[in-house]
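S.K.: generate a structure from the sequence data that follows.
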Amino acid sequence: MKRILVATDGSEHALTAAQLATELAAGMGAELHVLAVAYRDRSEEEELREFAKIEHLGGMLNVIGEIAKSHAEQARRQAETQGVKTVKVSVAEGDPTEQILAFIQKNTIDAVVVGRRGRSRIAGLLLGSVSQKLATLAPCIVVICP
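M.R.: Got it, this is the predicted structure:
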């Protein structure tokens, strides 16, 4: 394996996935790609816009992207301290499954490591979790951490 991707949302399961991906990359001398996807649906965006307007917070909509970036940077620091030579961090915006699949294709990823559950448990129950969709759709090895 030359390229391993860990997708993170900062949840406990994602932290476990980041640890395993780090161990795999360090052990195999592989590149580690860390991807955080900032996701917000239309209703959340409108609510945030209204809140920002009322509270005079012009940059409120950037908060979701900054949180995603923070999660990715946390995984990067962890990987570097554990000896991974090449760590590349990316942040995307949109549907997590679609963004992860696009990233896998664009970067010819050999394996993706994700947590079993992310932050949105209700959406996962209703729509199917990101990890379940990746297990079905990804063109590479998918490792799902408990």
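S.K.: so after the helix or strand bottoming out on mean pLDDT in the chain, what's the next helix or strand?
M.R.: The least trusted helix or strand in the chain, going by mean pLDDT, DSSP states H and E, turns out to be helix 121-127, with a mean of 44. Under the assignment DSSP states H and E, the closest C-terminal helix or strand after helix 121-127 is helix 130-137.
S.K.: what comes up buried for that following helix?
M.R.: 130-131, 133-134 (16 or more other C-beta atoms under 10 Å). Where C-beta positions appear, they are placed from N, C-alpha and C, glycine not excepted.
S.K.: got it, and stretch 78-92?
M.R.: 78-79, 84, 87, 89-92.
S.K.: how near is H13 to I109?
M.R.: 19 Å (C-beta to C-beta, to the nearest Å).
S.K.: now swap in L15 and tell me
M.R.: 20 Å.
S.K.: between these two, tell me which one has more neighbours.
M.R.: Remark: of L15 and I109, I109 carries more neighbours, 23 against 19, as counted by other C-beta atoms under 10 Å.
S.K.: and the more buried one, what does it touch?
M.R.: 3-5, 33, 103, 140 (C-beta atoms under 8 Å, 6 or more residues apart in numbering).
S.K.: 10 Å instead, please
M.R.: Residues in contact with I109 (C-beta atoms under 10 Å, 6 or more residues apart in numbering) are 1-5, 31, 33, 35, 100-101, 103, 138-141.
S.K.: also Q105?
M.R.: 138-140.
S.K.: switch to 7 Å and redo it
M.R.: Residues near Q105 by C-beta atoms under 7 Å, 6 or more residues apart in numbering: none.
S.K.: got it, and the one 10 residues further on?
M.R.: With contacts taken as C-beta under 7 Å, 6+ apart, G115 has the following neighbours: 11, 13-14, 16-17, 131, 145.
S.K.: closest one to R117 out of those, please.
M.R.: H13 (5.1 Å; C-beta to C-beta).
S.K.: so which strand or helix has that closest one?
M.R.: Going by DSSP H and E, H13 is in helix 12-28.
S.K.: again, but for V91
M.R.: strand 87-93.
S.K.: quick one: buried residues of the helix or strand that comes right after that strand?
M.R.: Using DSSP H and E, the helix or strand that follows strand 87-93 in sequence is helix 96-106. Using 16+ other C-beta under 10 Å as the test for burial, helix 96-106 gives 96-97, 99-101, 103-104.
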